[in-house]
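A.B. asks: quick check, what structure comes out for this input:
(one chain, ligands or ions: 2)
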Amino acid sequence: MIEDKNWLKIENVTKLYGYGLLGLKKFKALDNISLNIDLGKPRIAVIAGETGSGKTTLLRIIMGVVKPDIGKVLYKGYDIHKLKGSASKWYRKEVQPIFQDPYEAFNPLRRIDTYFYDTTRNICGIKNRNEAIYRIDEALRFVGLSLDRISGKYPHEFSGGELQRISIARALLTSPRILLADEPVSMLDATLRVGILNILKDLKEKLNMIIIYVTHDLSTAYYIGDDISIIYRGTLVEHGPISKVYQEPRHPYTNALLNSILEPDPSLREKYPAIKPSSLELKEFLIMGCRYANRCPRAKEICWHTLPPYVDVDGVSVRCWKYLDYKIDYSS
Ligand SMILES: Nc1ncnc2c1ncn2[C@@H]1O[C@H](COP(=O)(O)OP(=O)(O)O)[C@@H](O)[C@H]1O
Ligand SMILES: [Mg+2]
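C.D. replies: Residues are numbered from 1 along each chain as shown. Ligands and ions are numbered 1, 2, ... in the order given. Model (predicted):
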């Protein structure tokens with residue numbers, strides 16, 4: 001049955017990973033994540049959180065390359081993990097990824113233009129060479145390059161910024177509805193970042209695309225985002241329009257993240273929120289209640305053992321006991 005034709009729906013997605021010597025014990029890298037994205041509204045939906053929060057796992061689940069243990073992803077009503085053959089090919093055209101390290105996306109021994117010809121032939125089904133050339137040049141011009149500029153060249157002949165533009169152009173060949181961008185500027189020099197971010201904005205404004213922008217960097221998120229989902233150790237802690245969330249963060253973790261970008265001294269800014277070693281990550285993933293309880297200055301008994309439900313606080317959905325259990329004294 002076809003339903004929800006205009007939505008990408010992430011429904012109660014939980015992903016377990018093994019840990020320990022034999023990987024037999026499991027932790028929830030994602031715990032019951034739900035997100036709905038209206039395909040009729042061009043937008044940049046940000047998924048933010050520090051390293052080790054489950055952002056890449058969530059994107060891989062949306063791409064269809066990782067299966068959730070519980071829950072599903074519906075695209076236009078279809079469960080994307082059940083698509084086969086031509087339907088699966090169709091989904092790969094509709095939803096295209098770009099990655100953090102553009103050098104890893106391309107084989108160093110292979111000419112860049114061959115990727116473009118392969119995509120037009122095998123995924124877009126364009127057999128006519130002139131038509132392929134036209135399509136490739138058009139995609140490259142959208143990102144400020146051209147087919148002439150890349151023809152015959154290998155990945156190392158481009159800068160990181162150019163190569164990320166090339167990745168975006170290749171993704172555009174299939175005319176996708178959604179671009180999944182996993183920390184696309186985090187490995188680039190600060191001076192090159194804004195160029196890529198402006199291209200993502202153009203994709204939304206000129207091509208009406210939806211971009212799911214994953215980042216640990218709240219400054220770039222604010223620059224381009226329309227709405228934001230903050231995740232912490234596999235749980236979604238806050239979700240809403242980006243301006244509202246930044247103006248008045250509801251969850252203590254969002255608050256801490258935002259304070260860290262507003263901190264003018266860069267040495268202090270680096271320290272918090274820190275990228276923690278995996279033993280601490282694991283300890284936090286295994287908390288039954290709010291995963292942030294370990295770091296939260298306001299954590300009470302209930303926070304440690306029971307995950308709060310979502311509460312709507314003035315148009316922002318937030319998951320914190322602060323808004324629920326009024327018997328808890330948070331003044332201390
Ligand atoms: N294939 C895997 N097997 C076991 N643990 C994994 C695997 N992939 C990721 N993890 C762990 O899951 C957690 C979330 O990882 P990831 O989704 O990469 O987060 P992020 O992209 O936010 O940094 C991390 O603790 C990471 O070490
Ligand atoms: Mg990641």
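A.B. asks: mind listing what's buried in stretch 152-170?
C.D. replies: Within stretch 152-170, the residues scored as buried using 16 or more other CB atoms under 10 Å are 155, 158, 160-170. From N, CA and C alone the C-beta is placed, and that goes for glycine too.
A.B. asks: ok, R250 - contacts?
C.D. replies: Contacts for R250 (CB atoms under 8 Å, 6 or more residues apart in numbering) come out as 238, 313, 316, 318, 320, 323.
A.B. asks: could I get the phi/psi values of the second one?
C.D. replies: For V313, the backbone dihedrals (degrees, to the nearest 10) come out as phi -120, psi 100.
A.B. asks: these two touch, right, it and Y323?
C.D. replies: Yes - with contacts counted by CB atoms under 8 Å, V313 reaches Y323, the gap being 5.6 Å.
A.B. asks: show me where the stretch 1-150 of the chain has its helices.
C.D. replies: Using DSSP state H, counting those that start in this stretch, the helices of the stretch 1-150 of the chain run over residues 55-63, 85-94, 102-105, 112-118, 129-142, 147-150.
A.B. asks: cool, the stretch 151-300 of the chain as well?
C.D. replies: Secondary structure of the stretch 151-300 of the chain (DSSP H, counting those that start in this stretch): helices at 160-172, 190-207, 218-224, 242-247, 252-262, 266-271, 278-285.
A.B. asks: what's the burial count for W321?
C.D. replies: Using other CB atoms under 10 Å, W321 has 24 other residues around it.
A.B. asks: report the contact partners of it.
C.D. replies: Here W321 is in contact with 290, 300, 302-303, 306, 308, 328 (CB under 8 Å, 6+ apart).
A.B. asks: of the residues you listed, grab the buried ones for ChimeraX.
C.D. replies: In ChimeraX, this line selects whichever of those come out buried by 16+ other CB under 10 Å:
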select :290,300,302,303,308
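A.B. asks: could you dump the contacts of W321 to CSV with secondary structure?
C.D. replies: Converted to CSV, the contacts of W321 look like this (DSSP: H, G, I helix; E, B strand; the rest coil):
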residue, secondary structure
C290, coil
K300, coil
I302, helix
C303, helix
T306, coil
P308, coil
I328, coil
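A.B. asks: identify, from the contacts of W321, the entry nearest to ligand 2.
C.D. replies: Top of the list for closeness to ligand 2, among the contacts of W321 and by CB to the ion, is C290 at 21.8 Å.
A.B. asks: any idea how far that closest one is from Y17?
C.D. replies: Distance, C290 to Y17, by CB to CB, to the nearest Å: 20 Å.
A.B. asks: now swap in V245 and tell me
C.D. replies: 28 Å.
A.B. asks: compare the two (neighbour count), which wins?
C.D. replies: V245 (28 against 17).
A.B. asks: look up how far V237 lies from the more buried one.
C.D. replies: From V245 to V237 the distance is 11 Å (CB to CB).
A.B. asks: which neighbours do the two have in common?
C.D. replies: In contact with both V245 and V237: 230, 254, using CB under 8 Å, 6+ apart.
A.B. asks: so, low pLDDT: which residues of the stretch 101-250 of the chain?
C.D. replies: Nowhere does the stretch 101-250 of the chain drop to pLDDT under 70.
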